[in-house]
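Asker: Using only what follows, build the 3D model:
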Amino acid sequence: MGTDPYHTESRATGTFVSTRFGSSDLSRMRTLVAAYVRAAGLTGTAGNDFVVAVNELVANAIRHGGGYGDLDLHRHDGNLSCVVTDYGGPAAVPAIAPPASTQFNGRGLWIARQLTDTLDLRGRPDGLTVTVSTRLPHTPSPQAPWNPGRPRTPPPSPHR
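Answerer: Numbers count the residues shown, from 1 in each chain. Okay, here's the model as predicted:
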């Protein structure tokens, strides 16, 4: 990914997407995550919820975590997970509580928690790592590698 923290590059192999993002990449991240979520089989409200949750995490990393970060998406054991890592310096793990109705900011982590099955926060000496996951409606067949650029072709039926 180079030494420039704002350089963005992504790779997609199998069931994994990893990319660096910077302050001008919020829309690109939302588009990337939405495409991956659809291809992973998470559609409708559940898919939209996951995209919104990840968008909140990326926005938080840009605003509060040094202006850039890394995003990793993967499928495992019937779950879709996203790890967002920022580099804003030593991070205390923030509390996740419903925001006050008069509060203008401070909703991102709470929203992400409401829209996903799990949310895990890890403070590090150089920033914060947030992982969200949600259960996929079904686990795709392992017979063909997943490619986010094209739809999967179902395997032949064994009953023919």
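Asker: Helix, strand or coil: sort out residue 112 for me.
Answerer: Here residue 112 is helix, with the state taken from DSSP: H, G, I helix; E, B strand; the rest coil.
Asker: Next one: the residue nearest to it when sequence neighbours are not counted from residue 90, what distance?
Answerer: Spatial nearest neighbour of residue 112, chain neighbours left out: residue 53 (4.0 Å); criterion: CB to CB, 6 or more residues apart in numbering. Bear in mind the C-beta positions are built from the backbone N, C-alpha and C, glycine included. Remark: distance between residue 53 and residue 90 (CB to CB, to the nearest Å) = 25 Å.
Asker: One more: residue 59?
Answerer: 21 Å.
Asker: ok, these two, which is more surrounded?
Answerer: Neighbour count, other CB atoms under 10 Å: between residue 59 and residue 90, residue 59 has more, with 15 against 10.
Asker: Can you tell me the element the residue sitting nearest the centre point of the chain falls in?
Answerer: Taking CA atoms, centre = their mean, the centroid of the chain lies closest to residue 82, which sits 3.4 Å from it. Using DSSP states H and E, residue 82 maps to strand 79-86.
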